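Engineer: Give me coordinates for this.
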Amino acid sequence: MSSRGSDSQILKTTPVISTIVKSKPTFENEADEIGANFVFGELFDEFLERFDLTPSEQIVYLKIYRLSQDMKNLTTGPIGRTLLSKLCNMSASETKNIIRQLEGKGLIEIILDESNDPTKGNKYKILL
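Structural biologist: Numbering: from 1, shown residues only. Below is the predicted model:
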């Protein structure tokens with residue numbers, strides 16, 4: 001005797017056609033978003049090549065760039081070198097040297113904090 005049972009117990013299935021509901025795009029035109037990201041990526045790659053930035057310089061520059069985006073004028077808020085070095089995962093002395101190199105290449109401007117307040121720090125302005 002078979003464990004499957006008799007032929008009269010075969011299940012009949014009906015194919016189900018499912019539809020995918022697309023959520024409303026965040027941007028008015030998704031093609032514009034994709035194109036903008038592609039253009040930004042291409043320009044940024046060219047920028048990194050043109051200025052021949054080392055990997056460490058790229059990390060510090062990108063972190064300063066990212067921090068400046070919240071301020072809407074490409075200038076960071078006050079940030080101490082110790083915190084910046086932690087955010088970049090490198091030593092404070094290496095970060096200091098890289099900041100000077102980026103300034104020398106004309107990529108950033110250092111706005112010195114002269115308050116002697118340990119809770120504050122320099123500001124950095126993105127020039128390119």
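Engineer: Going by C-alpha atoms from here, please, whenever you check contacts or count neighbours.
Structural biologist: Noted.
Engineer: Mean pLDDT per helix and strand in this protein: which one sits at the bottom?
Structural biologist: helix 30-50 (a mean of 64; mean pLDDT, DSSP states H and E).
Engineer: can you list the residues that contact stretch 80-100?
Structural biologist: Stretch 80-100 is touched from outside by 56-57, 59-60, 63, 119-122, with contacts defined as Cα atoms under 8 Å, 6 or more residues apart in numbering.
Engineer: Endpoints of it, how far apart?
Structural biologist: Across stretch 80-100, the terminal residues are separated by 15 Å (Cα to Cα, to the nearest Å).
Engineer: which residues in this protein form strands?
Structural biologist: Counting by DSSP state E, the chain has strands at residues 108-111, 123-126.
Engineer: Could you tell me which of the contacts of stretch 80-100 belong to helices?
Structural biologist: The helices, defined by DSSP state H, take in 56-57, 59-60, 63 from the contacts of stretch 80-100.
Engineer: For residue 110, state which of the residues you listed is nearest.
Structural biologist: residue 60 (13.2 Å; Cα to Cα).
Engineer: Mind pulling up the pLDDT for that closest one?
Structural biologist: Residue 60 is assigned a pLDDT of 94 by the prediction.
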